[in-house]
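Undergrad: let me see the structure of the following:
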Amino acid sequence: METNEILVVAMLVSFIAVIFTGIPVAWALAGVSIAFSFIAIWGFESFGWDTYFLTDMRIFGVFVQRIWGQMSNWILVALPMFIFMGLMLERSGVTEKLMANFIQLFGRFRGGLALGVVLIGILLAASTGIVGASVVLLALLSMPIMLQQGYNKGFASGVVASAGTLGILIPPSIMLIIMADQMSVSVGNLFMGALIPGLMLGMFYIIYIMGAATLFKTLAPAPTDLPPVTAKLIIDTLLAVLPPLLLIFAVLGSIFFGFATPTEASGVGAFGATLLAALNGRLSWEVLKDVGMKTTLTTAFIFGIFLGATMFAVVMRQLGGDDFITQSLQSLPFGPNGVILTILFIAFLAGFFLDWLEISLIMLPLVAPVVVLMGFDQIWFIVLFAVVLQTSFLTPPVGFSLFYLKGVAPKEVTIIDIYKGVIPFVALQMLAVLMVFLFPQLVLWLPDRVY
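TA: I've put the predicted structure just below:
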C-alpha cells in the first residue's frame, strides 16, 4: 500500500478506536482530523511523503472555509425548526388524546393496542421526525397499559421501539435533511422518495403485529372490559387524528406542491405545533422555555458533529480517501449490485457501534459518488442507505431507541426483554431494504410523478 492509503486506513481505524474510549463524537472527529493533518505535514517535510495537498499549515485555513460554508447553509436552518416542531408537538397533548381514543377503538382486538401504537408512531413520524421524543412518549403512554392487559414484555417493547424509529425515515426527517445537504440534492426529492418506503415499513409492522397476535394467543390478548364502540367514540377518534393530519399536510403538502421550500415549511410546522399546544391549553412560558432549551441543545449537538465531520472529510479527501474508496469498491469482484450490497452490509454493521449521524456524515459522502459512477440513481441510493441506517436505532449495543425505551419503561421490563422484542422488527427493516433494492420505483415513482 502507498503512503496515502496507509494514512487513510489509519485515520479510519483511529477514529473508531477513539470512539470506543467514550470521547464525544464531535471531539473525536475534530481531534483525529487535526492529528492526521500534523502527521501528514510532518511526513511530507521529513520524508517527502506524497500526501496530496497536506503539505503545509494552509490545511487549517481550509477547515475554516469549509466550516463557514456549513454554518451559512440555508438548508440547515430547517433543522432547529423541525426539532422545535417535534418537541412542541410532544408537549401539545395531541398524542395523549390519540392514545386514549385508539385504546378504546382498537384495544378490544388481539394486538389492537400494539396496532394503535404503530398508527400513532406513523402520525408522529410524519409530524415530528424526532426519534427520542417519539419513543419516550409512546413508551410512557402505552407500555403500562399493554403490560396491564397481559401483553408479552418483549413484544410490547419491540412495538414501541420500532414504531418510534419511523420518524427517522418518514418525512419530515432530520436524517434526510442532513443527507440532502451532504450530497447536494433536493430535500423535497428525498422527502418524496422516502415517503412510500417509510409507509411500507409501517405496514410491515402492522401485518406482523396482527399475524403474531393471531397465531400466538398469549402474545397480545384482547381485553374484555372495554365499552362497546359507539358513534361518539368514532367521531372523537377522527377529531383526535385531524390536528396532526392537518399539520402533516401543512408541512409536507407545502413542500410537495411547491408552495414552500423545506426551510419555509419547517417554520410553518413549528408555528402549527405551537398553535396546537395553545389550543389544547398546554402552552405556557415554562413549556416554551423548556422546548427552546432542548431545541438549542439538540441543534448544538448535531452541529458539533457536523463541524467535526467537515474537518474529517477535508483531511480524508486531501489524503486521497475518495480515490482509495472508489478503487477499493470498484475492484470488488461482485458486479455493481454486489458493490451496493457490500456498502449496505458495512453500513448495517457500522450501525451496531455508531449512530446514524456519524455514518451519514462520514460514510455516505465517500461511497455515494462511487454508486453514481456505476450508473445508479442517487436519490434511490440515499433513501436505500437511509432505510439501512434506521436499523442502527434498534441494534445493540448502541441502539439509541433501546436506551430511550429502557429509561422510561416499567421496572419489570429488562434490557433482555427489549433486545428479544426488537429482533423481528429488525428483520422487517431488512425486508424493507430488500424491497427498495429490488424495486427502485418505490423510491422514484413519487418524485417522477410530481415533477
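Undergrad: only C-alpha atoms for contact and neighbour calcs from this point on.
TA: OK.
Undergrad: hang on, residue 311 packs against residue 33?
TA: Yes: counting by CA atoms under 8 Å, residue 311 touches residue 33, with 6.0 Å between them.
Undergrad: packing partners of the strand or helix carrying residue 87?
TA: Of the helices and strands defined by DSSP states H and E, residue 87 is found in helix 78-91. Packed against helix 78-91, as judged by 3 or more CA pairs under 8 Å, 6 or more residues apart in numbering; DSSP states H and E, are the following elements: helix 131-148, helix 174-183, helix 262-279, helix 285-318.
Undergrad: what is the least confident helix or strand in this protein?
TA: Sorting the helices and strands of the chain by mean pLDDT, DSSP states H and E puts helix 59-71 at the bottom, at a mean of 68.
Undergrad: and residue 233, what pLDDT?
TA: On the pLDDT scale, residue 233 is placed at 79.
Undergrad: how much space between it and residue 397?
TA: Plainly put, residue 233 is 42 Å away from residue 397 if you go by CA to CA, to the nearest Å.
Undergrad: next: residue 258.
TA: For residue 258, the distance to residue 397 under the criterion CA to CA works out to 42 Å.
Undergrad: quick one, which of the two is more surrounded?
TA: Regarding residue 258 and residue 397, a neighbour count based on other CA atoms under 10 Å identifies residue 397 as having more, with 15 against 12.
Undergrad: quick one: secondary structure of that one?
TA: Residue 397 falls in the coil class when you classify it by DSSP: H, G, I helix; E, B strand; the rest coil.
Undergrad: residues near residue 68, how many?
TA: Counted with other CA under 10 Å, the burial measure for residue 68 works out to 12 neighbours.
Undergrad: over to residue 91?
TA: 23.
Undergrad: so it touches residue 277, yeah?
TA: Yes: counting by CA under 8 Å, residue 91 sits close enough to residue 277 to count as a contact (6.9 Å).
Undergrad: mean neighbour count, mean pLDDT and distance to residue 446 added to the helices and strands packed on helix 78-91, as CSV?
TA: Converted to CSV, those look like this (neighbours: other CA atoms under 10 Å; pLDDT from 0 to 100; distance: least, CA to CA, whole Å):
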stretch, mean neighbour count, mean pLDDT, distance to residue 446
helix 131-148, 21, 82, 25
helix 174-183, 21, 85, 16
helix 262-279, 21, 87, 17
helix 285-318, 18, 85, 29
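Undergrad: which one of these lies nearest to residue 223?
TA: Ranking the helices and strands packed on helix 78-91 by their distance to residue 223 (criterion: CA to CA) puts helix 131-148 first, at 9.8 Å.
Undergrad: can you check what angle separates the closest one from helix 174-183?
TA: 150 degrees (axes from the mean of the first three to the mean of the last three CA atoms, to 10 degrees).
Undergrad: tell me the helix or strand right after helix 131-148.
TA: Towards the C-terminus, the helix or strand next in line after helix 131-148, according to DSSP H and E, is helix 153-165.
Undergrad: using CSV, write out every CA atom in that following helix.
TA: Only the C-alpha atoms of helix 153-165 are listed here, as CSV (Å, rounded to 0.1, in the frame of the first residue of the first chain):
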residue,chain,number,x,y,z
LYS,A,153,-43.0,-7.7,27.6
GLY,A,154,-40.7,-8.3,24.7
PHE,A,155,-43.5,-7.9,22.2
ALA,A,156,-44.6,-4.7,23.7
SER,A,157,-41.1,-3.4,23.9
GLY,A,158,-40.4,-4.2,20.2
VAL,A,159,-43.6,-2.5,19.1
VAL,A,160,-42.8,0.8,21.0
ALA,A,161,-39.1,0.9,20.0
SER,A,162,-39.7,0.2,16.3
ALA,A,163,-42.8,2.5,16.0
GLY,A,164,-40.8,5.3,17.5
THR,A,165,-38.0,4.9,14.9
